[in-house]
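[1] I need the structure of the sequence given here:
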Amino acid sequence: SRSEHKACFALFEGMAMLMSFAQHGGVCLPRPGAERLEFSVNRKLINASGTELRVLATSLTTGSSVWWNEGSLDVLEGAEASGSIAPLVTPMQVGKDWYIDGGLLHNTPLTKALEEGAETV
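    The predicted structure follows:
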């Protein structure tokens, strides 16, 4: 519940933050935000929306960019992974791989939009 959730950067919790980083690779655990996203966003509506969506994350295994789109079955997990800003938010596992923010490799991923035929970005 909201009352039980502690802020990532609560004052006087420096040791807890260090322990979280040592154990999970990030200071903040993404579960509270991920639970709200998964509750609030309907994957089927995204898949059937007709709106083009691209979500980008960086694979920790290969160091390469991975893209999800509106038709990807794991687009919500990809969106969560895209928000994993190491070392603040722990990396996110999607399938068998671990991911962090795609901005690591593509801060403003305009090239992908142009490659896919966008005329206005």
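[2] hang on, Gly83 packs against Val89?
    Yes. The criterion here is C-beta atoms under 8 Å, and Gly83 meets it with Val89 at 6.5 Å. (Glycine included, C-beta is placed from N, CA and C.)
[3] more neighbours, those two?
    For Gly83 versus Val89, neighbours defined as other C-beta atoms under 10 Å are more numerous around Val89 (22 against 19).
[4] Please list all residues in contact with the nearest residue to Asp101 once chain neighbours are set aside.
    In space, and not counting its chain neighbours, Asp101 is closest to Ile85: 4.8 Å by C-beta to C-beta, 6 or more residues apart in numbering. With contact set as C-beta atoms under 8 Å, 6 or more residues apart in numbering, Ile85 has these partners: 100-101, 103.
[5] Out of those residues, give me the one that has the most neighbours.
    Busiest of the contacts of Ile85 [other C-beta under 10 Å] is Ile100, holding 24 neighbours.
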